[in-house]
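Engineer: The following comprises the amino acid sequence and a computationally predicted model.
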Amino acid sequence: MSDAFKQAALDYHAKPRPGKLAIAITKPFTTPEELSLAYSPGVAEPVTEIQRDPELAFRYTSRGNLVGVITNGTAVLGLGRTGALAGKPVMEGKAVLFKKFADIDVFDIEVDASDPDAFIETVARIAPTFGGINLEDIAAPDCFRIEQALIEKLDIPVFHDDPDGTAMVVAAGLVNALQLQEKRLEDIRIVCLGAGAAGVASMNLLAAMGARRENMLMLDRQGVIHSGREGLPPEKQSFAVETDRRTLAEALDGADVFIGVSGPRLMSVDMLKGMAPRPVVFALSNPIPEIMPSDALAARDDLIMATGRSDFPNQVNNVLGFPYIFRGALDVRARRINTEMQIAAVHALCALTHEPAPRVVMEAYRQTSLSFGPEYIIPKPLDPRLIEFVPPAVAAAAVDTGVARSSYPAHYPARPEASNNLE
C-alpha cells in the first residue's frame, strides 16, 4: 500500500466530518404539533400499542429496517485481533454497503468482550433494537458458538457474514463454473485449504446443496483433516474422512475443485497441474491469492479461476450477498436466515450471471462486453439488478419454510418459483 493511498484513506475517513455514517430524521419536525407527535405526549400511543403486541414495533418504529452490525474485533479483515474499537471503521463501512445496496439502516456496535459468553449475553440483551443481526469479524472457533447461540436465543435473523456470506458467493460461482466445465456438484472432488470460519461454512453449504462430504478434503495448518486425527473441534470433525492423503499436493492430485481461504502462494503450479481435467480454482486469500492468476492460467488453459480481488475476473465479494439476503429477510419479517434462504440466494446469483449485463455495469467495469463464461461466473458488485434478483428469492424461501412473519411482499416482482435443485 503506497503512502499516497494510505493518506487518501485516512483523509476519506477524517474529512470533512469524521466517520462514514450519520442519522437522519424521517418525519416532519418543524412545528409544535409535530414535536408533540414525535415525543411527549404522542409517543405514548405507539408505546402502549407495542406493549400490547410486540409485533407492532415493526409498524411504529424503525426496527423492521434496522440491522445491528456487531463485532468484538477479534478477526478484523486480515489485521487479526485489533480490538473492538479499532474495528469500528470496518463496521461503519459495512453499514455504508447495507445502505447503498439495499437501503437498510444500520447501527454499528463494537462490543469490548473477547469472552464468547459475555459477547452472546450483550448481543442478546440489545437485540430488541433490531430487525436483524449481522455478526462481523469474529475469530474462529468462537464465531461458530456465538452465531449458533444467538440463532437459538433470538427470533430475528442472525448472520455471520464473514463465513456465511463468503459461502453463498463461493457456491454461486462454483455452480456456474461447474456448468461451464460440464461437471456436477454431486460428482466432484473438492479440496478446501483453510478450516476457519469461511472454509467450514462454504463446505457446509456445498454439502447442503448436494456435494458429497466423502469427496471433500479440508486442510488446516497440520494438513489434511482425516479420521485418524484426535482432538478435532466439532466443526472440523464433520470433515474428517478416511484417507491416506496428508499434504496439499496429495489432496489436489486428481481433484476437480480447489477452494483457498488460507494464505498467499500456498498452491504451486505443479499442484495445479496435478488436478483433474477442466479444474476450478478459487484462490481467495487477499491481497495475495494462494496462486496468482497469471501463473495458474499459464499452466492450465482448461482452468476457470476466481479470486478475492477486484482487479481480476470473477471476484468473490461478500457484498453480492449480505445486503440482499437481509433485504429479503427483513421484508417478510423473517425469524432467521436458514439454509433454504441461503440456497435461494445462491441460485438467484447464478441466474443473474446468465442475463446479459446492462450498459451501466459494463461502463462501471470498463468492459465492452460481459456475458456468462469463464471470466464471468459471478455478478459484478455494482450490478443494480442484484436487488431485483436476490431479495425476492430469499423472501419466497422464508415464506415457504415457515420462518416469515408476513407474506410475500406485494411490491416485489412476480413471486419466483421455489427451486433448490441444480438442474
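Structural biologist: Thanks, I have it. Bear in mind that the values here come from a model prediction, so they are computed numbers and not experimental data. Numbers count the residues shown, from 1 in each chain.
Engineer: Remind me which helix or strand the residue nearest the centre of the chain belongs to.
Structural biologist: Central residue of the chain (Cα atoms, centre = their mean): residue 165, 1.3 Å from the mean position. Using DSSP states H and E, residue 165 falls within helix 161-181.
Engineer: Show me the contact partners of the following helix or strand past that helix.
Structural biologist: Remark: after helix 161-181, the chain's next helix or strand is strand 190-193, criterion DSSP H and E. With Cβ atoms under 8 Å, 6 or more residues apart in numbering as the test, strand 190-193 has contacts from 199, 202-203, 206, 211, 215-219, 248, 251-252, 255-262, 266-267, 290. Backbone N, C-alpha and C define where each C-beta goes, glycine included.
Engineer: Check the burial of residue 211 by counting its neighbours.
Structural biologist: Residue 211 sits with 23 neighbouring residues when counted by other Cβ atoms under 10 Å.
Engineer: which regions of this structure sit below the pLDDT cut-off?
Structural biologist: 1, 417-423 (pLDDT under 70).
Engineer: Could you list the domains of it?
Structural biologist: 15-156, 164-307, 318-400 (automatic domain parsing).
Engineer: could I get the ones you listed as JSON lines with distance to residue 406?
Structural biologist: Listed next are the domains of the chain as JSON lines, based on distance: least, Cβ to Cβ, whole Å:
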{"stretch": "domain 15-156", "distance to residue 406": "9"}
{"stretch": "domain 164-307", "distance to residue 406": "23"}
{"stretch": "domain 318-400", "distance to residue 406": "5"}
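Engineer: For residue 5, which of those domains is the nearest?
Structural biologist: domain 164-307 (12.3 Å; Cβ to Cβ).
Engineer: which residue ranges form the strands in this protein?
Structural biologist: 66-71, 105-110, 132-135, 158-160, 190-193, 216-220, 223-224, 257-260, 280-283, 304-307 (DSSP state E).
Engineer: Pairing partners for the third one, with directions?
Structural biologist: Pairing partners of strand 132-135, with direction, according to DSSP bridges: strand 66-71 (parallel), strand 158-160 (parallel).
Engineer: And the contacts of that strand?
Structural biologist: So strand 132-135 is contacted by 67-71, 94, 98, 106, 123, 127, 143, 146-147, 150, 154, 156-162, 322, 326, 329-330 (Cβ under 8 Å, 6+ apart).
Engineer: how distant is it from the center of its chain?
Structural biologist: Relative to its chain's centre, strand 132-135 lies at 11 Å (Cα atoms, centre = their mean, to the nearest Å).
Engineer: Same check on the fifth one?
Structural biologist: Between the mean C-alpha location of strand 190-193 and the chain-wide mean there is a distance of 19 Å, by Cα atoms, centre = their mean.
Engineer: ok, back up a step: for residue 229, which of the strands paired with strand 132-135 is the nearest?
Structural biologist: strand 158-160 (25.5 Å).
Engineer: Helices of the stretch 201-350 of the chain, residue ranges please.
Structural biologist: 234-237, 248-252, 269-273, 293-299, 322-331, 339-353 (DSSP state H, counting those that start in this stretch).
Engineer: Bridged to residue 217, which residues?
Structural biologist: residue 191.
Engineer: where's it relative to residue 204, distance?
Structural biologist: Counting by Cβ to Cβ, to the nearest Å, the separation of residue 217 from residue 204 is 15 Å.
Engineer: Kindly report the same for residue 312.
Structural biologist: 26 Å.
Engineer: which residues of the stretch 1-150 of the chain fall in helices?
Structural biologist: 3-14, 32-38, 44-52, 57-60, 88-102, 116-126, 142-153.
Engineer: Which positions in the third one come out as buried?
Structural biologist: What that stands for is helix 44-52. Residues of helix 44-52 classed as buried: residue 50 (neighbour count, 16 or more other Cβ atoms under 10 Å).
Engineer: try the fourth one
Structural biologist: Within helix 57-60, the residues that qualify as buried by neighbour count (16+ other Cβ under 10 Å) are 57-58.
Engineer: Could you give the separation of that helix from the chain centroid?
Structural biologist: 27 Å.
Engineer: show me what contacts residue 77?
Structural biologist: With Cβ under 8 Å, 6+ apart, residue 77 has these contacts: 90, 137.
Engineer: my read: residue 291 touches residue 265, true?
Structural biologist: Yes. Because the distance of 6.9 Å satisfies Cβ atoms under 8 Å, residue 291 is recorded as touching residue 265.
Engineer: which of these two has more neighbours?
Structural biologist: Using other Cβ under 10 Å, the more surrounded residue of residue 291 and residue 265 is residue 291, with 25 against 13.
Engineer: phi, psi of the more buried one?
Structural biologist: Dihedral pair for residue 291: phi -150, psi 140, per degrees, to the nearest 10.
Engineer: Can you tell me, leaving aside adjacent residues, what's nearest to it?
Structural biologist: Nearest residue to residue 291, sequence neighbours excluded (Cβ to Cβ, 6 or more residues apart in numbering): residue 267, at 4.2 Å.
Engineer: Does the one you found touch residue 255 like I think?
Structural biologist: No. Assessed by Cβ under 8 Å, residue 267 is found out of contact with residue 255, at 11.1 Å.
Engineer: can you pull the buried residues of stretch 371-380?
Structural biologist: Quick answer for stretch 371-380 (16+ other Cβ under 10 Å): 372, 374, 376-380.
Engineer: which residues sit against that stretch?
Structural biologist: Counting by Cβ under 8 Å, 6+ apart, 169, 172-173, 176-177, 180, 304, 306, 313-317, 320, 349, 352-354, 356-357, 361, 364-365, 370, 385-386 sit against stretch 371-380.
Engineer: circling back to that earlier point, okay, residue 217 and residue 204: which has more neighbours?
Structural biologist: Between residue 217 and residue 204, residue 217 has the larger neighbour count (other Cβ under 10 Å), namely 24 against 19.
Engineer: Tell me how far that one lies from residue 334.
Structural biologist: Distance from residue 217 to residue 334, by Cβ to Cβ: 35 Å.
Engineer: Residue 365 too?
Structural biologist: On the measure of Cβ to Cβ, residue 365 and residue 334 end up 32 Å apart.
Engineer: neighbour count winner among these two?
Structural biologist: residue 334 (28 against 15).
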